[in-house]
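>>> Structure, please.
(chains A, B and C)
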Amino acid sequence: MGGLLQNIKLPGDDIPWLEGLREKGRCVFAGKGLPTAKTEAWKYTRPRDLQADDFVLETTAGHECHCGSNCDCEKTCGEGSVMPFEAYELHFENGKLQHEHLHLPQGVTVMPLMDAILQNEDIRGRLGKSFDLQDYPFAALNTAYLEEGVFINIQENISPDKPLAIINHTHARHDNLLFNLRNVIVLEKNSRATIVEAYIYSGAEKSRYFANVVNEIYIGRGAEVRHYKLQNDAYKAVHISLNAVKVKAGGNYEAFCLQRGADLARNETHVVLAEEKARAKVDAAYHIAGWATVDTTTDIEHLAPETTSEQLVKGVAGGNARGVFQGKIHIAPHAVKTEGNQLHKALLLTDEAEIDCKPELEIFADDVKCSHGAASGELDEEQLFYMRARGIGEDEARRILIDAYLEDVINRIEEPAVRDWIAEQARQK
Amino acid sequence: MKTPILEIEDLCARVADKEIIKGFSLTINEGEVHAIMGPNGAGKSTLSYVLCGKPGYEVTSGKILFKGKNLLRMTPEERAREGMFLIMQYPVDIPGVPVTTFLKHAVNAVRKHQNLPELDTMEFIKLVREEGKKLGISNDMLKRPVNVGFSGGEKKRLETLQMAILKPRFAILDEADSGLDIDAMKVVADGVNAERNEHNALLVITHYQRLLNYIVPDFVHVFADGHIVKSGGKELATELEETGYAQFVKEK
Amino acid sequence: MAKENNKPEIIDESGDKYKYGFVTDIAADTAPRGLSEDIIRLISAKKGEPEWLLERRLKAFEFWKTMSEPSWAKLTYDKINYQDLYYYSAPKQKAAPKSLEEVDPELLETYAKLGIPLKEQEALAGVVAVDAVFDSVSVATTYRAKLAEKGIIFCSISEAVKNHPELVQKYLGSVVPYTDNFFACLNSAVFTDGSFVYIPKGVKCPMELSTYFRINAKNTGQFERTLIIADEDSYVSYLEGCTAPQRDENQLHAAIVEIVILKNAEVKYSTVQNWYPGDKDGKGGVYNFVTKRAACRGENSKVSWTQVETGSAVTWKYPSCILQGDNSSGEFYSVAITNNRQQADTGTKMIHIGKNTTSKIISKGISAGRSNQTYRGLVKVSPGAGNARNYSQCDSLLIGDACGSHTVPYIENRNKTARLEHEATTSKISDEQLFYCLQRGIGAEEAVSLIVNGFCKEVMQHLPLEFAIEAAKLINISLEGSVG
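All right, here's what the predicted structure looks like:
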C-alpha cells in the first residue's frame, strides 16, 4: 500500500528509453502533484482526496480473481463474449490484459504493450509522443507506470470487418486498486477501424479503485477511427482518461463517450488536426446521480487549413451530482477555412445537482467559422404536464423525457449496433 | 450607328482552376436588351460575376470594354460607380445595417464619382421613399437591415429599388425570377422596364422564358458550355421553351 | 513638473490618428514618485480626509503588499514598477473652484478639445451634467445647483467625504472590498478622486450625469473612484468618457466604480473608453485595469452596463452585476475594438443570488491588426436563485490574419429551475458581404466600417444618442488602416 507514486519494479527496466520515459513521468508528477484549485484546466474537477488515499499496485502479470461469491466472473472471465454485438474482444481484468487468442484479419496487429515495446521498433516513435506530459498530471502518473495496455496497428487500406472492443472489467475488492492503462492505436494511410472501449465492474458497488487511462491514437492520411466509449465504473471509483489524438491530412476522428458511473470521472480528449482537411467529431453524454463529479473535457487544435470539428455534449445530472463540461477550440494562425462548432446542453433534475461549463474559443486566424453554445435548465414542465394529462405517471414521464433528451446525441453514433448498446446503457437505471 | 456599352471579345474565365467561360463574345449597344438563356450549370452566373469583378473569378484571356474603357482594369466598386449593376440571384444579408444607411452610402459614392453633389439626408430619404413606393416597399422595410429576414420577393424588390436609385448604365439581371411568384415578378419587371431608356442597356440571364414575357429582349443568345452557341431575336426564347436545351448540350 | 509644449509629444503617421493626444500645459502639484505609507498619508492629508478613511487606505496598502498581480488573463505586458509612478498629481490652484469661472481657463480649453465644452453646455441649459477628473482631481461639476433642487448629490468623491461622510462611510468599499483583487486593493489605498452620485428615494434624475477622465501628467497613475447610490424607486443614467495624451511610456489607470441599487431603482452606466492605445508598434498607451461592479440590493432593482472600448494598450475590465434582490436584473452590452498591438481581456460577471433574477450579456468584439482580444465572462447561479434566467451572446469579428480573438465564458448553475443560454460565434467579414457593397459602388474601407457598425448595432443602441454618435466615429477611427 502507498500513495499514488510508488517505487515498484516494472518489467523492461533494462530498456533505457523506456525507463527514461517512465522516469520523466515520475519527475513531472512528483514536481506538479495533483491539480489544485488554482489549476485552470481542473477548475471544476478537484481530485483532492486522492492524496490521502492508499493505493495498491499490481505489477506481476497474471490474473488473480479477488471476487466475492456473488461475482459473475464466469461471464466476463471466460471465453464468451461480453458485448451485445460482434466484435474482436480484448479483456482486461482489474487492469491486466487476459491473453486470449484473437482471429484477427490480415493487416491488423493487436499485442500487449510490453510485447510491442520489446518487439516493435515503431512504438518508440509513438509512445508518449501525442501529448505533453507537463499539461496532464495523470498522464504523467500513467507514464511512470508504463506497462499495461495494448498496441493496435491497422495497416494501409485495411478495414477490419468488426469493431475492436477493449473491455475493462474490474471486480469488487476491499483494497484501493490503482491501475494504469496505456493503449497505442495506429491507423496507417486510408485504413479504417472502430474501437470500442468499455469500463464495467462487478461485485460490491462500493468498491473503490482508480482507473488511470491514456489512449494515444494516430490517424494517418485519409484514415478514419470511430472511437466509442462507455464509462460505467463503480460508484466509489475514480476514472481518469486522456485520449490524445493526432490526425493527418484528410483523416477523421469520430468519438462518442457515455459516462454513467464513478465517484470522480474525467474523460479528456485532445485532438490535434495537424494537416489539411483533417476532421473530428467529439460527442459525449453523461447521465449521473449520487455524489458523482463527472467531467467531459475537450481540446481541439486546428493547426492546418480546411480542418473541421464538431462537438455535441449532452448531460443529465440528478441527486447531488455535478456535471462538468470544458471545451476548447483552438485555431492556429494560418489555419484558414476552418470550421469548429460546439454545443453543450444539460439538464438538472434536482436542486442539489450542479452544472459547470466552460466553452472556450481561441482563434488566431481570420477566415474561420466558429461557434459554441451552452444551455442548462430543467425538464420542461409543460411537456411533463402534457404527458401526465394523457395518463402517464410522473416518474414514467420523466424517464421518457430524460431518455429523449439524450437521444439526439446518441443518434449521431454512426454504427447502429453500437448506437443501440449505448442507448441502452444511457437509460435510467 | 449605335454606341456600344459593353464589348466582350473571346473571353475565357475560370473559378478555382475550373474553366467555365470559354471564348465568349458579345457586343451590347445603348438601348438594347439582351437575354442569355441556357441550361443550369452552363456558367451563366459566372459570366455575371466576371463582369462585376467578383474576387475569385479569374479572367484568363480575352477583353471587355465598358463604355470604351478597359473593364478588367477596374475594381468592383469602380465598375459599379461607372454604372455596372448586378441584380443578384441570392443577395447576401448584412446584419445591423439598415437599407437606408446602406443605400445612402452607395448613392453618394456613385454621385461623388460622377462629380455630383452628395445628397443630404432629407433629399435622400425623399428619393428612397418615392422610389420605394413605386415598388411597394414600405418605410418599415427600409429601416430593416439589408436583406435580413427578407422573403425572396422582398429581396428582389430591394435589388430593383437600388437599381432605380443608382441609375446604372448597364444592368445584369441574374436569374431575377428565381424564387418569385408571378405578381412579384411583374413588380420587378415593371421596375426594371421603367428604368429603360435609349442610353442604357440590359442583360437578362435566365433559365426560363417566362420573365422574358415581361422584359422583352431585342436579342436572345443561347449559352452552353461556356459560350454562345446560337443567337436570334425574341422568338428564339419561345422556341427554346418548346425544344429545351438538350440540342445544345454536348453528349458527355 | 517640467514645462512642456502644448503639442502632441509624438507626431507620426499613426500617432496623428489619436486626436486627443495633446498635453495641457498646467503647473501641477505632484507628490514624489513611489508608493509608501508616507505617500498615502500625504494624499490623505492633501485632501483633508478624516481619520477613518486614512485608516482604510493604510489597511488596504498593508493587504496589497501581500498580493500578487493576477496572471490569468490573456495579456502580456511589461512588468509595472509601482515604485516608479506618481500617485498624486493635482493641477495647481489657489483654492477649490466655486464655479466654472474660477476654473483655470487652460483646463477648460482642454475639455473643449475633448469635446466637453463645459461652459457651453451650461449655457445651453444642459442635457448633461459633467464632472471632469483631470489626472487625479475632480475639477468642476456643472449643474450642481439644478440637481440639488431635487436632492441629487453629484460631486467629487473628495467633497462627498467632507460633506456626506455618512453615505460614503456606509457604501464605499461595500461593493468592491479592498481585498477583492490586486488593482482594486491598490486603488483603495491610493485613490485620489472621482465622482460621487446619490439619487434620493423616488427621484428620477432629469438629466444624464457625465464624467470625463483624463490622464495628463507624465508617469502618473490614475486611480479614480466612483460611487453611485440609487436609493429606492430612483433612476439615473450615467456616462463616463476617458482620454489620455500620447506618451511613449505606459500610463497606469486602475479605477473602481461601485454602484449600489436599492429597491425598484435603476442605474444605466455607459462608458466610452478611449485612452491612448499606443502607437502602431505597441509603444506607449494606457494600462487600463478597472474594477466595476454593481450591487442590485433591493427587489426589482436594475442595472445596465454599456461600454464601448476602443482605447488603451491593455484592458482588464469586467463590469459585473450582483443580483441580490429578488426580481433584480443586470445587463451588459459591450463593444470592444482592438487594433495594432492592443490587448483587451474584458467581459462581465453575473452573480444570481435572488429569486427570479435575470441577466443579459451582449458582447461584440472586433480584432484587427496584430491585436488580441478575449471575452471572459462568468454566469453563476446560486442554489437560492430560483427561476434565474441568463442569455449571453458573444460575437467576434476578425479583420486581418494576424490578430486573435478568444471567448472564455464560465457558466455555473446550481439551481435546476434556472435557465441559462450562451451562444458565441467567431467569423470574419464575409467576402459575399464585401462584394455586395463593392458592387453597389461603396469602397472597401467604407464597406468594412458599415458592416462593423452593423455588427455592433445591438450594443450601440443602448448608448444615449450623443454618446452613440461619438462612439460610432471612434469605431471608424480605431479601425483605420486595418483594411489591407
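
>>> what secondary structure does A:Leu5 sit in?
Assigned with DSSP: H, G, I helix; E, B strand; the rest coil, A:Leu5 falls in the coil class.

>>> Find me the pLDDT at the residue of the stretch 201-350 of chain A found nearest chain B, would you?
As assessed by Cβ to the nearest Cβ, chain B sits closest to A:Lys337 within the stretch 201-350 of chain A, at 12.4 Å. C-beta here means a position set from N, CA and C on the backbone, and glycine is covered the same way. At A:Lys337, the predicted lDDT confidence score is 92.

>>> That one is in contact with A:His302, isn't it?
No. Taking contacts as Cβ atoms under 8 Å, A:Lys337 lies outside contact range of A:His302: 10.2 Å.

>>> Looking at the two, which one has more neighbours?
Per other Cβ atoms under 10 Å in any protein chain shown, whichever of A:Lys337 and A:His302 has more neighbours is A:His302, with 30 against 15.

>>> contacting residues around that one?
A:273, A:309, A:329-332, A:335, A:338, A:340, A:368 (Cβ atoms under 8 Å, 6 or more residues apart in numbering or on different chains).

>>> Out of those, who's the most crowded?
A:Leu273 (33 neighbours).

>>> shaky segments in the stretch 101-250 of chain B?
Residue ranges of the stretch 101-250 of chain B with pLDDT under 70: B:176-179, B:250.

>>> can you map out the helices along it?
Under the criterion DSSP state H, counting those that start in this stretch, helices of the stretch 101-250 of chain B are mapped to B:121-134, B:139-143, B:152-166, B:182-194, B:235-243.

>>> Indicate the residue of the stretch 1-150 of chain A located nearest to chain C.
A:Glu40 (6.9 Å).

>>> Give the closest residue to that residue in space, chain neighbours not counted.
Among residues not flanking A:Glu40 along the chain, C:Trp72 sits closest, at 6.9 Å (Cβ to Cβ, 6 or more residues apart in numbering or on different chains).

>>> May I have the secondary structure class of that neighbour?
Classification of C:Trp72 by three-state DSSP places it in coil.

>>> Wait, C:Gly384 touches C:Asn415, no?
Yes. Counting by Cβ under 8 Å, C:Asn415 is a contact partner of C:Gly384 at 7.4 Å.

>>> Look at those two and report which has more neighbours.
More crowded of C:Gly384 and C:Asn415, by other Cβ under 10 Å: C:Asn415, with 26 against 14.

>>> Model confidence score at the more buried one, please.
For C:Asn415, the pLDDT comes out at 94.

>>> Helix, strand, or coil at it?
Secondary structure state of C:Asn415, per three-state DSSP, is coil.

>>> wait, it sits on C:Arg389?
No. C:Asn415 is not in contact with C:Arg389 according to Cβ under 8 Å; the separation is 11.0 Å.

>>> OK, contacts around the spatially closest residue to A:Ile300 that is not a sequence neighbour?
Sequence neighbours aside, A:Ser309 is the residue nearest to A:Ile300 in space, at 4.5 Å (criterion: Cβ to Cβ, 6+ apart). A:Ser309 is in contact with A:271, A:273, A:279-282, A:300, A:302, A:329, A:339-342, counting by Cβ under 8 Å, 6+ apart.

>>> Now do the top helix by length along chain C, average pLDDT.
The longest helix of chain C (DSSP state H) is helix C:444-460. If you average the pLDDT over helix C:444-460, you get 91.

>>> if we can go back for a sec, which of the contacts of A:Ser309 lies closest to C:Gln83?
Nearest to C:Gln83 among the contacts of A:Ser309, counting by Cβ to Cβ, is A:Ile329 at 41.8 Å.

>>> Now do the phi/psi pair for the residue of the stretch 251-400 of chain C found nearest chain A.
Among the residues of the stretch 251-400 of chain C, C:Leu398 lies closest to chain A, at 3.9 Å counting by Cβ to the nearest Cβ. Here is the backbone geometry of C:Leu398 (degrees, to the nearest 10): phi -110, psi 140.

>>> And for it, the neighbour number?
Burial of C:Leu398 is recorded as 26 neighbouring residues (other Cβ under 10 Å).

>>> residues in contact with it?
A:363, A:365-366, A:368, C:367-368, C:405, C:426-428.

>>> Sitting in strands, which of these do you find?
Using DSSP state E, the members of these that fall within strands are A:363, A:368, C:367, C:405, C:426-428.

>>> Just the buried ones out of these, please.
Buried members of the ones in strands among the contacts of C:Leu398, counted by 16 or more other Cβ atoms under 10 Å in any protein chain shown: A:363, A:368, C:367, C:405, C:426-428.

>>> Can you tell me which of those is nearest chain B?
Chain B lies nearest to C:Ser427 out of these, by Cβ to the nearest Cβ, at 11.1 Å.

>>> Do you know the pLDDT at B:Pro98?
We have a pLDDT of 87 for B:Pro98.

>>> if I look at it, how far off is C:Val335?
Per Cβ to Cβ, to the nearest Å, B:Pro98 is found 18 Å from C:Val335.

>>> try A:Leu361
Going from A:Leu361 to C:Val335 by Cβ to Cβ gives 18 Å.

>>> what does A:Pro359 give?
A:Pro359 is 22 Å from C:Val335, where distance means Cβ to Cβ.

>>> Pull the contacting residues for the spatially most central residue of chain B.
Closest to where the C-alpha atoms of chain B average out (Cα atoms, centre = their mean) is B:Ile172, at 1.8 Å. Contacts for B:Ile172 were tallied using Cβ under 8 Å, 6+ apart; they are B:48, B:51-52, B:84-87, B:202-203, B:205.

>>> how about those residues in JSON lines, adding distance to chain C and neighbour count?
Converted to JSON lines, those look like this (distance: Cβ to the nearest Cβ, whole Å; neighbours: other Cβ atoms under 10 Å in any protein chain shown):
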{"residue": "B:Ser48", "distance to chain C": "10", "neighbour count": "22"}
{"residue": "B:Leu51", "distance to chain C": "10", "neighbour count": "24"}
{"residue": "B:Cys52", "distance to chain C": "5", "neighbour count": "21"}
{"residue": "B:Met84", "distance to chain C": "8", "neighbour count": "25"}
{"residue": "B:Phe85", "distance to chain C": "8", "neighbour count": "25"}
{"residue": "B:Leu86", "distance to chain C": "6", "neighbour count": "29"}
{"residue": "B:Ile87", "distance to chain C": "10", "neighbour count": "26"}
{"residue": "B:Leu202", "distance to chain C": "16", "neighbour count": "25"}
{"residue": "B:Leu203", "distance to chain C": "15", "neighbour count": "24"}
{"residue": "B:Ile205", "distance to chain C": "15", "neighbour count": "23"}
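
>>> that older thread, count of neighbours near the residue nearest to A:Glu40?
Counted with other Cβ under 10 Å, C:Trp72 comes out at 10.

>>> Now it: phi and psi?
The phi/psi pair for C:Trp72 (degrees, to the nearest 10) reads phi -80, psi -20.

>>> okay but it is in contact with A:Thr39, surely?
No. Between C:Trp72 and A:Thr39 there is no contact under Cβ under 8 Å: 11.3 Å.

>>> Report pLDDT for the residue nearest to A:Glu40.
Per-residue pLDDT puts C:Trp72 at 87.

>>> Tell me the spacing between it and C:Glu149.
Between C:Trp72 and C:Glu149 the distance is 47 Å, computed by Cβ to Cβ.

>>> And C:Asn415, by the same measure?
Relative to C:Glu149, and taking Cβ to Cβ, C:Asn415 is found at 45 Å.

>>> Could you list the low-pLDDT ranges of chain C?
For chain C, the stretches with pLDDT under 70 are C:1-29, C:90-143, C:213-220, C:242-249, C:483-484.

>>> Contact distance from chain B - what residues of it qualify?
With the criterion set to Cβ under 8 Å from any Cβ of the partner chain, chain C comes near chain B through C:430-433, C:435-444, C:446, C:450-451, C:453-458.
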